[in-house]
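K.L.:
Take a look and give me a structure for this.
(chains A and B)
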There are 2 protein chains.
Amino acid sequence: MIRPFLLLQLTALIPAAAIAQSTPIADSYRATANRIIAAALADSSAWNRTAELVDRFGHRLSGSASLERSIDWILAAMRRDGLQNVRGEPVMVPRWVRGAESATLVSPRAAPLTMIGLGRSAGTPARGITAQVLVVDSFEDLTRRAAEAKGKIVLFDVPFTGYGQTVRYRSRGAIEAAKVGAVAALIRSVSSESMQNPHTGSLGYDSAVAKIPAAALSVEDAAMLHRMADRGDRVVVNLKMSARTLPDVQSRNVVAEIVGSEKPDEIVVLGGHIDSWDVGQGAMDDAGGSVAAWEAVRVMKRLGLRPKRTVRVVLWTNEENGLRGADGYRDAHRSEIGKHVMALESDNGVFKPRGVGVTAGEGGLAMVTDIASLLAPIGATTATAGGGGADVGPLGALGVPTMSPSVDGTRYFWYHHSSADTMDKLDPREVAECVALMAVFAYVIADMPGTLPRTPPRQPTS
Amino acid sequence: MIRPFLLLQLTALIPAAAIAQSTPIADSYRATANRIIAAALADSSAWNRTAELVDRFGHRLSGSASLERSIDWILAAMRRDGLQNVRGEPVMVPRWVRGAESATLVSPRAAPLTMIGLGRSAGTPARGITAQVLVVDSFEDLTRRAAEAKGKIVLFDVPFTGYGQTVRYRSRGAIEAAKVGAVAALIRSVSSESMQNPHTGSLGYDSAVAKIPAAALSVEDAAMLHRMADRGDRVVVNLKMSARTLPDVQSRNVVAEIVGSEKPDEIVVLGGHIDSWDVGQGAMDDAGGSVAAWEAVRVMKRLGLRPKRTVRVVLWTNEENGLRGADGYRDAHRSEIGKHVMALESDNGVFKPRGVGVTAGEGGLAMVTDIASLLAPIGATTATAGGGGADVGPLGALGVPTMSPSVDGTRYFWYHHSSADTMDKLDPREVAECVALMAVFAYVIADMPGTLPRTPPRQPTS
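P.N.:
Residues are numbered from 1 along each chain as shown, chains lettered A, B, ... in the order given. Coordinates of the predicted model:
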């Protein structure tokens, strides 16, 4: 085989005019990228491994035995794969436990409702909270009707207009409802399509107001209560949640490497988060991203590719309800963050990839656009400004260029944080394409002569 | 207003060449059809009434109080609407009661499974049935592996390739599994898309073999068990079902009319079925079809349209698990079936209508194609051979021409017989278009000079 390093040297001797529209980076790595892509697409090993992980252990909420068993299994498999420096790095994580929960329509008729408590929510008294429901369709609507809210359960029945816009009601619904005297908060599940699968996710509390229990109703049941209220029916609901927060417990970030051949102290990070919500299988969010990152280095290993810099897989723990893994990784590796040349996280689902997003300093997007041309065989050549993920946020805040695969997001919010996030939603070929994309970017950026320009330090965004 | 009858007479005087591409029926009724369509589309009353019905009473399984309360409410409203001969015609119906039920994965790990018992299924002992699962993907696969089935739970994990093909596993799965010694049967839900909403529906039993309990798993969980079995895991499930069949109880077919002005003994029937499965709201299946038929006559009434023949709305009871309403209607009206000129049932969901299907004697399709041209304002002009529904099947078998709206069926089997068949899945404009279509066909066929040719008597198909 021709070493990419040699290819690069040869390319450098070719006059600029002969290279035509391409720049040196992509041309130097095309043959290697093609081998990586072919190897990634050769079988369904990434899909199979993801399936085995989620079928064996189920969902993986922080603090659960299934999360720690999953981590044990991955660490053992990574060692068998021959990866280097395989380890679990200890992180203390929150332990929120859902327990039994229900919502029951009491008036205008008796019927069970389809609900799921929001992560980090307080529980209710054992007999539940029974109260009239005030249905509002926005924070502004709640403000207008604030005088009616005291002693009621506020239901935010807000149409999904995009995650960023709509998730505010999950994040701040309990706070805003408590401010006007509500005893509990309900939201319409944050989802773009529903088949009675309610969606959980973390809520926020404000220490200045009461921490009232909060849950998501299915889109269907939120709409029904809204129609009843619009008809003038007195809507009364009993909400029971035995949710509680126990003392923090230890979890681990999974770390494994291919140590660089020439600059082993310079690091390219690629990964996903290994924890999930406590429903479904957390297949899309984010077993798939985690395994894709792991498989990306395994493809390199299988091909005998060892880049100049170190490629490090990191599977963060506790992304969903605390980001302790992300913060813990930053804190444990603070002395080497200046040597992190890029951090790539897959947490948007391992669906059909279209390219990547990147957050880097001036000129970084152009370099990534060039590298993305290597993904032409799978049609994933787009590069757009803005990339990263919740777990690489703390690194990005310290100047590390961050990236994320751009994937077909059509169905992401159908399944997100619900029982429907299961293995059957992932396609083996699409997962393999995500592996190919992650492997090509990680390899090239770990091996190329220069590095992506860093960003000025900033506040982390996730 | 110009009476359609006069229009028809005038048209008959115009030389054939002047009529160009149209035939007499459609031209005679165009103005009236346009008024009907405009009235049907003028508001969301059909959607609103359907919503009020399903929100007020919920699902409506035969033998339930909610079904009978729904019927009471409809009868009262029909009387207020000023319809004629409003009545509930008694029908004895089965009373199958689901009771508590669950399926739990015991091995290779403990986890709840998402399931729903199949209608008419026998129950299990109170402690449930715990047995190893044999996963097969077809009846042929079961035949090949028959020697392995004894004492096991057979899971038919069959991909959805169309309702007619795939529903065989719901209908005959328990029979075929019992034949080879299985103790229970599970099926993958019969559905084209899933978000952990399992789908029920009636099973069949054969008196020659044991009546073993049978349930549907969610598509997700059936796939998971299949993957586990393929990996060589020993899959063990505990199935608990307290389902039981109680003595028959009385229900009613809802009947209401606009009595014909000239031939009141000749009858056009239009309707849907008022019962549903005991999950979700039965909004699409078939509160929507029932209300659309009812609204269709209400539109005629509002416009002061009284056709020559009688238009009769029939909302059949017990379509889902017995067809007793359909048989009961035929038996109660046996003496006048020769005077039924057409029976139209909407039971494919009140989605965007494209036209109609018709089963009639020679020449009937051409007449219906002609009438369908009146639906051009809503783009529902297709007429295809083959139309009807389970409830008009017994009439069709006796020679009555039967019809059904052809609607966009893309999502029908996403929601069918599951908790996701709820009001939010229906669009007010699409429901109104279904009303327009049913009203135009019912009116024209009840008023036109001739009648659709009857079919030779045959075995009912549903």
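K.L.:
alpha carbons only for contacts and neighbour counts from here, please
P.N.:
Will do.
K.L.:
export the one helix or strand residue A:445 maps to as PDB, just CAs?
P.N.:
Per DSSP states H and E, residue A:445 falls inside helix A:428-447. Written as PDB, here are the backbone C-alpha positions of helix A:428-447 (Å, rounded to 0.1, in the frame of the first residue of the first chain):
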ATOM      1  CA  PRO A 428     -27.300  -0.500   8.200                       C
ATOM      2  CA  ARG A 429     -26.200   1.300   5.100                       C
ATOM      3  CA  GLU A 430     -26.800   4.800   6.500                       C
ATOM      4  CA  VAL A 431     -25.000   3.900   9.700                       C
ATOM      5  CA  ALA A 432     -22.100   2.600   7.700                       C
ATOM      6  CA  GLU A 433     -22.000   5.900   5.700                       C
ATOM      7  CA  CYS A 434     -21.800   7.800   9.000                       C
ATOM      8  CA  VAL A 435     -18.800   5.600  10.000                       C
ATOM      9  CA  ALA A 436     -17.200   6.300   6.700                       C
ATOM     10  CA  LEU A 437     -17.700  10.100   7.100                       C
ATOM     11  CA  MET A 438     -16.400  10.100  10.700                       C
ATOM     12  CA  ALA A 439     -13.400   7.900   9.800                       C
ATOM     13  CA  VAL A 440     -12.400  10.100   6.800                       C
ATOM     14  CA  PHE A 441     -12.600  13.300   8.700                       C
ATOM     15  CA  ALA A 442     -10.800  12.000  11.800                       C
ATOM     16  CA  TYR A 443      -8.100  10.300   9.800                       C
ATOM     17  CA  VAL A 444      -7.400  13.200   7.500                       C
ATOM     18  CA  ILE A 445      -7.400  15.900  10.200                       C
ATOM     19  CA  ALA A 446      -5.200  13.700  12.400                       C
ATOM     20  CA  ASP A 447      -2.700  13.200   9.600                       C
END
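K.L.:
For the one residue sitting closest to the centre of chain A, list the residues it contacts.
P.N.:
The centre of chain A sits closest to residue A:347, judged by CA atoms, centre = their mean, with a distance of 3.3 Å. Residues near residue A:347 by CA atoms under 8 Å, 6 or more residues apart in numbering or on different chains: A:272, A:273, A:285, A:286, A:289, A:389, A:404.
K.L.:
Apply 6 Å and report the result again.
P.N.:
A:272, A:286, A:289 (CA atoms under 6 Å, 6 or more residues apart in numbering or on different chains).
K.L.:
Hmm, residue A:346 and residue A:284 touching each other?
P.N.:
No. Between residue A:284 and residue A:346 there is no contact under CA atoms under 6 Å: 10.1 Å.
K.L.:
of these two, who's got more company?
P.N.:
residue A:346 (31 against 27; other CA atoms under 10 Å in any protein chain shown).
K.L.:
and the gap between that one and residue A:320?
P.N.:
Noted for residue A:346: a distance of 14 Å to residue A:320, by CA to CA, to the nearest Å.
K.L.:
and what of residue A:134?
P.N.:
If you go by CA to CA, the gap between residue A:134 and residue A:320 works out to 29 Å.
K.L.:
quick one, which of these two is more surrounded?
P.N.:
Neighbour totals were compared for residue A:134 and residue A:320, and residue A:134 leads with 26 against 23 (other CA under 10 Å).
K.L.:
Tell me the secondary structure at residue A:130.
P.N.:
Following DSSP: H, G, I helix; E, B strand; the rest coil, the label given to residue A:130 is strand.
K.L.:
Got the confidence number for it?
P.N.:
At residue A:130, the pLDDT value in this model is 98.
K.L.:
count of neighbours near whichever residue of the stretch 251-400 of chain A sits closest to chain B?
P.N.:
Closest contact between the stretch 251-400 of chain A and chain B, by CA to the nearest CA, is at residue A:280 (8.8 Å). Neighbourhood size, residue A:280 [other CA under 10 Å]: 23.
K.L.:
likewise residue A:300?
P.N.:
Neighbours of residue A:300 under the rule other CA under 10 Å: 23.
K.L.:
Same check on residue A:232?
P.N.:
Around residue A:232 there are 9 residues (other CA under 10 Å).
K.L.:
ditto for residue A:207
P.N.:
Residue A:207, neighbours per other CA under 10 Å, totals 8.
K.L.:
sorry, back to before: spell out whether the helix holding residue A:445 and chain B are in contact.
P.N.:
No. Judged by CA under 6 Å from any CA of the partner chain, helix A:428-447 stays clear of chain B, getting no closer than 13.8 Å.
K.L.:
which residues touch that helix?
P.N.:
Here helix A:428-447 has contacts from A:33, A:37, A:40-41, A:44, A:47, A:268, A:292, A:296, A:307-309, A:350-352, using CA under 6 Å, 6+ apart.
K.L.:
now do 7 Å
P.N.:
Outside of helix A:428-447, the residues within contact range by CA atoms under 7 Å, 6 or more residues apart in numbering or on different chains are A:33, A:36-37, A:40-41, A:44, A:46-47, A:268, A:292-293, A:295-297, A:307-311, A:350-353, A:375, A:378, A:451.
K.L.:
Likewise for stretch A:361-373?
P.N.:
By CA under 7 Å, 6+ apart, stretch A:361-373 touches A:23, A:25-26, A:355, A:358, A:381-383, A:385, A:452-455.
K.L.:
how does it look with 8 Å?
P.N.:
By CA under 8 Å, 6+ apart, stretch A:361-373 touches A:22-23, A:25-26, A:355-356, A:358-359, A:380-385, A:401, A:441, A:444, A:452-456.
K.L.:
what's the domain layout of chain A?
P.N.:
What automatic domain parsing lists as the domains of chain A is A:4-95+A:247-447, A:99-242.
K.L.:
Nearest to residue B:328 among those domains would be which one?
P.N.:
Nearest of those to residue B:328, taken as CA to CA: domain A:99-242 at 31.2 Å.
K.L.:
Now residue A:272, what are its backbone angles?
P.N.:
When quoted as degrees, to the nearest 10, the phi and psi of residue A:272 stand at phi -150, psi -170.
K.L.:
which residues does the spatially closest residue to it that is not a sequence neighbour contact?
P.N.:
Spatial nearest neighbour of residue A:272, excluding adjacent residues (CA to CA, 6 or more residues apart in numbering or on different chains): residue A:290 at 4.2 Å. Residues in contact with residue A:290, defined by CA under 8 Å, 6+ apart, are A:271, A:272, A:273, A:274, A:315, A:346.
K.L.:
before we move on, what about residue A:203?
P.N.:
Residue A:203 sits next to A:118, A:119, A:120, A:121, A:170, A:171, A:172, A:173, A:174, A:214 when contact means CA under 8 Å, 6+ apart.
K.L.:
Against residue A:176, how distant is the closest residue to residue A:151 other than its chain neighbours?
P.N.:
Residue nearest to residue A:151 in three dimensions, not counting chain neighbours: residue A:182, with 5.1 Å by CA to CA, 6+ apart. Distance of residue A:182 to residue A:176, computed by CA to CA: 9 Å.
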